[in-house]
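>>> How does the following fold in three dimensions:
(one chain, ligands or ions: 2)
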Amino acid sequence: STPAGPRHFLDIRDLTPTELRRILDIGKQVKALQQGRRFPLHPDRPLAGRTLGLMLACPSTRTRVSFEVGMEQLGGAVSVLSTADMQLGRGESIADTARVLSRFLDVIVLRARKDSDLRELARWSSVPVINGLTPVSHPIQILADVMTFEEHRGPIAGRTLAWIGDGNNVATSLIEASALLGFRLRLATPEGFAPSEAALSWARAQGADIVTTRSPAEAVQGADCVITDTWVSMGDEDAQTRHQLFRPYQVNAELMAQAAPDALFMHCLPAHLGEEVTQEVFESPASVVFDEAENRLHSQKGLLLWCLGHDAGA
Ligand code: CP
Ligand code: NVA
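Residues are numbered from 1 along each chain as shown. Ligands and ions are numbered 1, 2, ... in the order given. Next up, the predicted model:
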């Protein structure tokens, strides 16, 4: 057996179903402990003395604030590092940066412009590295999405989720989660924006039930939850040509009416009303987008406790 290294969280597919469940369970427990009290939430501040490094190569609202607040609520500290202001910006290698930061920090979150930067950081870091979004995947978002679905609708296994729009980083992590958690996934994406072949074939090899289509109407048939995201992710350059192509992929009342009668609507945010979703759907009772945003905090606290080995008796 290989020696136990740091508990990185790079992609959903790296976990066992038990580990993914464990992270979600810890998040649920710390959320229940908090119950209306904003702070302090945990009597013994389990991460006192620990410091998280939050390295951001691109903008963030939810990821940054949820990790800052979550770490503080667990008793720890955060150092926010804009990669442009680090020596990285002047050419210091990721390998050296990782080895230095590992001497200071207990856990690192990286939001990267290149997926390979995340892999390189994890390769050299002796402390856990958490994927804070890359152009390829966004696994922490899916922790919150699963938690939110289950709070509203119970166990996600066997339920049907529909993804409408760009086959992007969030879609990839959702595909991986469908394999681990046993929910059905229907993805409707325009030509040229199909979900990752690698993620699809990996998930299908695990037995995942995934259908890809060009038709949003087909994807939402009987879906218990309809999910979308921006048409233009960070780093995407061809924004103008996209809008024409994506217009039929707008989540509007007409599309929601074709999903299950009690279907939820989710969006990782930030949203662009009138583009990927109408204001009507976004503000409708089906929309749980702010519960979803809140659950970034709770699920990531579960993740932090798991990464730092506090998963025995949370
Ligand atoms: N959903 C999400 O990751 O949001 P931020 O870009 O604001 O972190
Ligand atoms: N797909 C989006 C998600 C933002 C949280 C992006 O990568 O920009």
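>>> Flag every residue of the chain that's near ligand 2.
Applying CB under 6 Å from any ligand atom, one finds that the chain approaches ligand 2 through 133, 168-170, 229-230, 233-234, 268. For every residue, glycine as well, the C-beta is placed using N, CA and C.
>>> if you set the cut-off to 5 Å instead, what comes out?
Where the chain comes near ligand 2, counting by CB under 5 Å from any ligand atom, the residues are 168, 229, 233-234.
>>> Quick check: the farthest pair among these?
Using CB to CB, the two most remote members of the residues of the chain next to ligand 2 are Asp229 and Met234, lying 11.3 Å apart.
>>> neighbour count winner among those two?
More crowded of Asp229 and Met234, by other CB atoms under 10 Å: Asp229, with 26 against 16.
>>> what about the nearest residue to the more buried one once chain neighbours are set aside, neighbour count?
Distances taken as CB to CB, 6 or more residues apart in numbering place Val170 nearest to Asp229, at 5.1 Å, with adjacent residues excluded. Val170 has 25 neighbouring residues, counting by other CB under 10 Å.
>>> Could you list every helix and strand that the helix or strand hosting Val170 packs against?
Per DSSP states H and E, Val170 falls inside helix 169-181. In this structure, helix 169-181 makes packing contacts with helix 17-34, helix 139-153, strand 160-164, strand 184-188, helix 197-205, judged by 3 or more CB pairs under 8 Å, 6 or more residues apart in numbering; DSSP states H and E.
>>> From the chain's centroid, how far away is it?
9 Å (CA atoms, centre = their mean, to the nearest Å).
>>> for the record, mean pLDDT for it?
For helix 169-181, mean pLDDT rounds to 98.
>>> Quick one: check that helix for contact with ligand 1.
No: Helix 169-181 lies out of reach of ligand 1 by CB under 5 Å from any ligand atom, never closer than 7.9 Å.
>>> returning to what we had before: mean pLDDT added to the helices and strands packed on helix 169-181, as CSV?
Shown next, in CSV, are these (pLDDT from 0 to 100):
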stretch, mean pLDDT
helix 17-34, 89
helix 139-153, 98
strand 160-164, 99
strand 184-188, 98
helix 197-205, 98
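>>> what's the most buried one of these?
A comparison of the helices and strands packed on helix 169-181 by mean neighbour count, using mean count of other CB atoms under 10 Å, puts strand 160-164 on top with a mean of 27.
>>> Which residue, other than its chain neighbours, is closest to Val136?
Once flanking residues are discounted, Val136 sits nearest to Asp115: 3.9 Å by CB to CB, 6+ apart.
>>> low-confidence ranges in the chain?
Low-confidence segments of the chain (pLDDT under 70): 1-3, 34-44, 238-239, 311-314.
>>> and it, which of its residues are near ligand 1?
Taking CB under 5 Å from any ligand atom, the part of the chain that reaches ligand 1 is made up of 60-63, 268.
>>> Quick check on those: which are buried?
Buried members of the residues of the chain next to ligand 1, scored by 16 or more other CB atoms under 10 Å, are 60, 62-63, 268.
>>> Could you dump those residues into CSV with secondary structure added?
Below are those laid out as CSV (DSSP: H, G, I helix; E, B strand; the rest coil):
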residue, secondary structure
Ser60, coil
Arg62, helix
Thr63, helix
Cys268, coil
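>>> List just the nearest of the residues you listed to Arg159.
Minimum distance to Arg159 across these is 18.7 Å, recorded for Cys268 (CB to CB).
>>> Chain neighbours aside, what residue packs nearest to that closest one?
Leaving aside its chain neighbours, Cys268 sits nearest to Gln141 (4.8 Å; criterion: CB to CB, 6+ apart).
>>> thought that neighbour was touching Glu176?
No: assessed by CB atoms under 8 Å, Gln141 is found out of contact with Glu176, at 11.8 Å.
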